[in-house]
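[1] Got a sequence here, can you build the structure:
(chains A and B)
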Amino acid sequence: MTPHVAVIQFPGSNCEYETARVLSHFGCNPKIIRWNEPDLLQDANGYVLPGGFSFQDRVRSGVMASHLPIMSQLSAGIKSGKPAIGICNGCQILVESGLLSESNNDQIDLGMAKNMSGHTSIGFVCDWVYVRPVHPEKSPLLRYFTPHDVLPIATSHAEGRFVLNHVLEDRLSDTPHWVYCDERGQFGDFPITPNGGSVAGITAYSGRVLGIMPHPERAIFDWQLPWHFKHQTFPSSWEKLMVAFRELL
Amino acid sequence: MTTTVYIGLIQSDLHAMSAFEVISSHTDQLVALRRYRTLSFVTNAPVGVCQQAVAACFEWVNPNKSRFSMNVGPWESEVEKPIVVRVQPTVPMRVTIPLPFQTLLPDVDEVTESVSWVFYVREGVQANQVLSDWVMSTRRGVGLLCNPIFESADILVGV
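    Okay, here's the model as predicted:
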């Protein structure tokens, strides 16, 4: 039986259909479930929180959605071992709900701050960037990648700078995550890093949950890549993420 | 001298409405909530010149075209005693200085941005309580106005 993936649609999500299309392509059975249908999450084998602007990004991106009742069911499912991917606004919702920092006792230990270059606000950034994984071998979701993989990806956000407290900061070096880089895998300032922080995505719950700010679902097929990437050959592809996700369901 | 400009948005400020809804689900002590975009800059220019500069780029600072003032307020009525809390990034967030500022206030080399929340509360509610329970709380349930990981909050006006 084809595993069922819940693509959770919040008020203001705008990537749910393209995300579902990618999931279908890789053998999942996506079902778009609204934020006010929490009971429908019970049957899901995994979850994807798509990008968008839930609740118009009021107060802080993702914070309003993180207060919704459906987050309790999502949290229970993730803690029972089901895989989850949060993309862009979905990542911000995972952060605000504490699911990306495995936060116990409701503490706040991770935040998504506004894009900055130096100390200057740079607002919304929509561009193609490169990312590479760190410790992919430690995450079942990233296990098909290697540390040398450099992948192009579309980024599109205004509040995407991961800010970690000292505990998470210390833990990050051992945590599978994604970092921004140039086409050779080297770090750099803006625009190589589009938001003032090097981290593009973080995993949690033994690497079964991924929150990533850029959009893998927009860079998975060759026809999605812009013309200036056409002459390049990439040794890796976002297909690896979807294949691993499918296997975890 | 640091000059601060408070920019009020239109009545239906959706950020304030949603924040009010969330806080009100935890307490009945909050009567109303307003939000002001707050710009601060250091200048030796007189207040009148600062007002001119702000007025000249009012459209830039506030596309919703509501109001701006050099003081937080004015309040809805004389009897109101709101509590005002400013939330700002721990690392000061500079915004691009628009042309009218550069022309009228040439000594200004930096404008920083924050958000001021104006709480209209029931009698007896203390500013410290507002700050700790509704703004700076480290619990995920209510403290949505300030994420202490990258923001700080301080009381500007208290009862």
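[2] Secondary structure element holding the nearest residue to residue B:147 once chain neighbours are set aside?
    For residue B:147, ignoring the flanking residues on the chain, the nearest one in space by Cβ to Cβ, 6 or more residues apart in numbering or on different chains is residue A:111 at 4.2 Å. Bear in mind the C-beta positions are built from the backbone N, C-alpha and C, glycine included. Residue A:111 belongs to strand A:110-113 when elements are defined using DSSP states H and E.
[3] Following the chain past that strand, name the next helix or strand.
    Assignment by DSSP H and E places the next element after strand A:110-113 at strand A:116-117.
[4] Quick one: residues contacting the most centrally placed residue in chain B.
    A centroid search over chain B (Cα atoms, centre = their mean) returns residue B:116, at 1.8 Å, as the residue closest to the centre. Shown in contact with residue B:116 (Cβ atoms under 8 Å, 6 or more residues apart in numbering or on different chains): B:6, B:35, B:36, B:38, B:72, B:84, B:85, B:86, B:87, B:156.
[5] Can you tell me the SS state at the third one?
    For residue B:36, the secondary-structure state derived from DSSP: H, G, I helix; E, B strand; the rest coil is strand.
[6] what number of residues lie near it?
    Per other Cβ atoms under 10 Å in any protein chain shown, the neighbour tally for residue B:36 reads 26.
[7] how far away is it from residue B:156?
    Residue B:36 is 10 Å from residue B:156, where distance means Cβ to Cβ, to the nearest Å.
[8] Find the residues that touch each one of the two.
    Joint contacts of residue B:36 and residue B:156 (Cβ under 8 Å, 6+ apart) are B:72, B:116.
[9] Mind listing residues that contact stretch A:205-213?
    Applying Cβ under 8 Å, 6+ apart, the set of residues contacting stretch A:205-213 is A:78-79, A:81-88, A:90-91, A:94-95, A:99-100, A:102, A:112, A:138-142, A:155, A:157, A:160, A:176, A:178, A:195, A:200-204, A:241, A:248.
[10] Could you check the pLDDT of residue A:131?
    Predicted confidence (pLDDT) for residue A:131: 96.
[11] From chain B, how far off is it?
    22 Å (Cβ to the nearest Cβ, to the nearest Å).
[12] Which helix or which strand is home to that residue?
    strand A:125-134.
[13] Send me that strand as PDB with only the CA atoms.
    In PDB, the C-alpha atoms belonging to strand A:125-134 read as follows (Å, rounded to 0.1, in the frame of the first residue of the first chain):
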ATOM      1  CA  VAL A 125      15.400  37.600  -0.800                       C
ATOM      2  CA  CYS A 126      14.300  35.500  -3.700                       C
ATOM      3  CA  ASP A 127      17.300  33.900  -5.600                       C
ATOM      4  CA  TRP A 128      19.100  30.700  -6.500                       C
ATOM      5  CA  VAL A 129      21.800  29.700  -4.100                       C
ATOM      6  CA  TYR A 130      23.900  26.600  -3.300                       C
ATOM      7  CA  VAL A 131      23.800  24.500  -0.200                       C
ATOM      8  CA  ARG A 132      25.700  21.400   1.000                       C
ATOM      9  CA  PRO A 133      25.000  18.900   3.800                       C
ATOM     10  CA  VAL A 134      27.000  18.600   7.000                       C
END
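[14] Starting from that strand, tell me which strands it pairs with and how they run.
    Strand A:125-134 pairs in its sheet with strand A:151-157 (antiparallel), strand A:177-181 (antiparallel), by DSSP bridges.
[15] Tell me which residues of the last one come out buried.
    Of the residues in strand A:177-181, A:177, A:178, A:179, A:180, A:181 count as buried by neighbour count, 16 or more other Cβ atoms under 10 Å in any protein chain shown.
[16] Not counting its own residues, what contacts it?
    With contacts defined as Cβ under 8 Å, 6+ apart, strand A:177-181 is touched by A:129-135, A:150, A:187-188, A:192-194, A:198-203, A:212.
[17] Filter these down to the buried ones.
    Looks like these have A:129-135, A:150, A:193-194, A:198-203, A:212 buried, using 16+ other Cβ under 10 Å.
[18] hey, where'd the strands end up in chain B?
    In chain B, the strands defined using DSSP state E lie at B:2-8, B:30-42, B:67-69, B:83-89, B:94-95, B:111-121, B:151-157.
[19] who wins for proximity to residue A:225 among the ones you listed?
    strand B:94-95 (33.8 Å; Cβ to Cβ).
[20] Give the other helices and strands that the closest one contacts.
    strand A:120-121, strand B:111-121 (3 or more Cβ pairs under 8 Å, 6 or more residues apart in numbering or on different chains; DSSP states H and E).
[21] circling back to that earlier point, of the contacts of residue B:116 - the most surrounded one?
    residue B:36 (26 neighbours).
[22] For that one, give the beta-bridge partners.
    Going by DSSP bridges, residue B:36 forms beta bridges with residue B:8, residue B:116.
[23] residues contacting it?
    B:6, B:7, B:8, B:9, B:72, B:115, B:116, B:117, B:118.
[24] so residue B:111 sits right up against residue B:93, yeah?
    No - if you go by Cβ atoms under 8 Å, residue B:111 and residue B:93 don't touch, sitting 9.8 Å apart.
[25] How many residues are close by residue B:158?
    So residue B:158, with other Cβ under 10 Å, has 15 neighbours.
[26] likewise residue B:30?
    Residue B:30, neighbours per other Cβ under 10 Å, totals 18.
[27] What of residue A:165?
    Neighbours of residue A:165 using other Cβ under 10 Å come to 16.
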